[in-house]
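*Asks:* Pasting the sequence and the predicted coordinates here, then a few questions.
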Amino acid sequence: MTKHPENAGDALSSTLRIPRLPDAVDRHRKAIRKGLADSGALKEIPAFKWLAIVDTGLRSYCDHLLVQKLLRFLHELRDIPDHEREAFSAQLDEDPVERERIGEQLFLLLERHDDMEKPSLLGLAWREYLRGNVSLDQYERLARAIDRVHLPHIRQVADISMGAGQPSREEAAVLTDLLQAGLIYPASVTGQLADELDSRPSEAYHSTDIAHVLLELYAEHRGQPV
């Protein structure tokens, strides 16, 4: 039986160390789809033990959604071998304060997600961080972008010009969304957001370093070409 995690960071680190984590996640996902979720069995995964909702028997709809969100997130780590997850967990444990901050941020984001695709995207971003393909700063900006953006707008990153001249109202709405998510920035970053949208053609925007990373992850998640 797993010990009760001390904090969110410990819960995250301990979860990564579970042998055959993908098997446990897949088992619980199948049970939930069949309406057979077992709150007691979920305690084998430290992250659920930390959330404490399993102690209530998953009585509310919000409890069920949060369980599904976390399982979707963890499902995206299925291709990471046990030894790589364990090594990354040990790396997190080297700085308990930073580990707790990262863990708290993760759980807060998952709880706030307003689209059930977002936990999967966050899991893919975490996978890239775990593999060393993105830095911690890039992962955290990806996480914020996923939280803020309207997901269908991500594909617009591939064509942020969206026509010459002044953007239409619909294009301006997309640009505003991408700007606020940190996926694009105006060629001139000195003006106010409203001024940029009103007075500059949409070609004057560039994608940030995380934009095409998120575009590729979104395409992977949707099973579509970039």
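*Replies:* Received it, and whenever you're ready, just let me know what you need. Numbers count the residues shown, from 1 in each chain.
*Asks:* Remind me which helix or strand the most centrally placed residue in the chain belongs to.
*Replies:* Nearest to the geometric centre of the chain sits Leu122, at 1.6 Å (CA atoms, centre = their mean). Leu122 is part of helix 118-130 when elements are defined by DSSP states H and E.
*Asks:* same question for that helix, mean pLDDT?
*Replies:* Average pLDDT, helix 118-130: 97.
*Asks:* For that helix, enumerate the helices and strands it packs against.
*Replies:* Secondary-structure packing of helix 118-130 (3 or more CB pairs under 8 Å, 6 or more residues apart in numbering; DSSP states H and E): helix 61-75, helix 82-93, helix 96-112, helix 136-148, helix 211-222. Backbone N, C-alpha and C define where each C-beta goes, glycine included.
*Asks:* Mind doing that once more with 10 Å?
*Replies:* Counting contacts by 3 or more CB pairs under 10 Å, 6 or more residues apart in numbering; DSSP states H and E, helix 118-130 packs against helix 8-16, helix 61-75, helix 82-93, helix 96-112, helix 136-148, helix 211-222.
*Asks:* Go through those and name the closest to His28.
*Replies:* The closest of these to His28 is helix 61-75. By CB to CB, the value is 5.8 Å.
*Asks:* list the buried ones in the closest one?
*Replies:* For helix 61-75, the neighbour count (16 or more other CB atoms under 10 Å) marks 63, 66-75 as buried.
*Asks:* Could I get those residues in CSV, plus columns for distance to Lys30 and pLDDT?
*Replies:* Formatted as CSV, the buried residues of helix 61-75 follow (distance: CB to CB, whole Å; pLDDT from 0 to 100):
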residue, distance to Lys30, pLDDT
Asp63, 19, 76
Leu66, 18, 87
Val67, 13, 87
Gln68, 12, 90
Lys69, 17, 93
Leu70, 15, 93
Leu71, 10, 94
Arg72, 13, 95
Phe73, 17, 96
Leu74, 14, 96
His75, 11, 96
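*Asks:* separation between Glu94 and Asp82?
*Replies:* The gap separating Glu94 from Asp82 is 19 Å, by CB to CB, to the nearest Å.
*Asks:* cool, Thr15 as well?
*Replies:* On the measure of CB to CB, Thr15 and Asp82 end up 12 Å apart.
*Asks:* which of the helices and strands packed on helix 118-130 has the lowest average pLDDT?
*Replies:* helix 61-75 (a mean of 87).
*Asks:* That one packs against which elements?
*Replies:* With contacts defined as 3+ CB pairs under 10 Å, 6+ apart, helix 61-75 has these neighbours: helix 8-16, helix 21-33, helix 46-51, helix 96-112, helix 118-130.
*Asks:* Nearest to Arg144, out of those helices?
*Replies:* Counting by CB to CB, Arg144 lies closest to helix 96-112 out of the helices and strands packed on helix 61-75; the figure is 8.2 Å.
*Asks:* what's the angle between that closest one and helix 8-16?
*Replies:* Helix 96-112 and helix 8-16 are oriented at 80 degrees to each other (axes from the mean of the first three to the mean of the last three CA atoms, to 10 degrees).
*Asks:* what helices or strands is helix 96-112 leaning on?
*Replies:* So helix 96-112, by 3+ CB pairs under 10 Å, 6+ apart, packs with helix 8-16, helix 46-51, helix 61-75, helix 82-93, helix 118-130, helix 136-148.
*Asks:* if you set the cut-off to 6 Å instead, what comes out?
*Replies:* Judged by 3 or more CB pairs under 6 Å, 6 or more residues apart in numbering; DSSP states H and E, helix 96-112 is in contact with helix 8-16.
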